[in-house]
Every structure is written in C-alpha cells, then in structure tokens.
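Enquirer: predicted model follows, preceded by the sequence.
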Amino acid sequence: MLLGSQFTVDSDFILYNRKESLCVSLFSYFQLSYLDVEGNSINMVQMTFLKLLTASARQNFTYYCHQSVAWYDVSSGSYDKALRFLGSNDEEMSYDNNPYIKALFDDFTVQKRL
C-alpha cells in the first residue's frame, strides 16, 4: 500500500505501509501503521497534521477473495455484499454512499464459487 499527497508542485509526502501489518480477523479490520520514506514510524500527531493539510486522498489495495464477494455480486445482481470502509472519523464508506469508491478490477464477479 502506498499513500501519497502532493502539497505543492515542489514537494511530495509519501507514507509506506509496514510490511508486518497485522490482519486481526478476515471479517473485522486490518490494523495499519505507517512509515516515512526513511523507515521511521509516523505518529498520530503527524497523521492528524497531514489530514488537515490534505483535501483528498487516494489509496489502492488488493483484496484476495476466496469464496466471497468483494464488490459486485452477479448471482444476486447487487452490491449488497460490497466491502465497507471505516474512516478515521468513523464515517462508513461503500458503494451505496460514496460515488468516489470504485473497483479498478473485479474478477470475482464472473468466477464460479465453490
């Protein structure tokens, strides 16, 4: 996972996800911590400051689904089982309430599940 935010034309601020991030439960949440480009941990004060300076963010991730639906369910013809994301402000984001969240590639909509 790579997060980036460009504040000015001359400066970029990039955070990298730690490789040892812990997946607590398949159906609960992922606990993430972030490093700067030199490998130092980013503390909560720095993350809050970054949020205040940033008008928008973009994050890509890969979800490996096995016998599950990540976005669109062909069998029911709906997005009822689409992933939901919880922001740091406790705002829930998903297909039905945020038009900016899009699946770049969803191969599991057409595969047969066992």
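Expert: Everything's here; your move. These numbers were taken from a predicted model, which means no experiment stands behind them.
Enquirer: would you say F49 is within a helix?
Expert: Yes. Per DSSP: H, G, I helix; E, B strand; the rest coil, F49 lies within a helix segment.
Enquirer: any idea how far apart the tips of stretch 69-87 sit?
Expert: 21 Å (C-alpha to C-alpha, to the nearest Å).
Enquirer: and what of stretch 75-93?
Expert: From start residue to end residue, stretch 75-93 stretches across 23 Å - C-alpha to C-alpha.
Enquirer: now it: buried residues?
Expert: 82-83 (16 or more other C-beta atoms under 10 Å). All C-beta atoms are positioned from the backbone trio N, CA, C, and that covers glycine.
Enquirer: what about W71, how many residues nearby?
Expert: W71 sits with 19 neighbouring residues when counted by other C-beta atoms under 10 Å.
Enquirer: pretty sure it contacts Y79?
Expert: Yes. The criterion here is C-beta atoms under 8 Å, and W71 meets it with Y79 at 6.8 Å.
Enquirer: shared neighbours of the two, anything?
Expert: Taking C-beta atoms under 8 Å, 6 or more residues apart in numbering as the criterion, W71 and Y79 both touch Y95.
Enquirer: and the pLDDT at the spatially closest residue to K81 that is not a sequence neighbour?
Expert: Spatial nearest neighbour of K81, excluding adjacent residues (C-beta to C-beta, 6 or more residues apart in numbering): V69 at 4.2 Å. What the model reports as pLDDT for V69 is 79.
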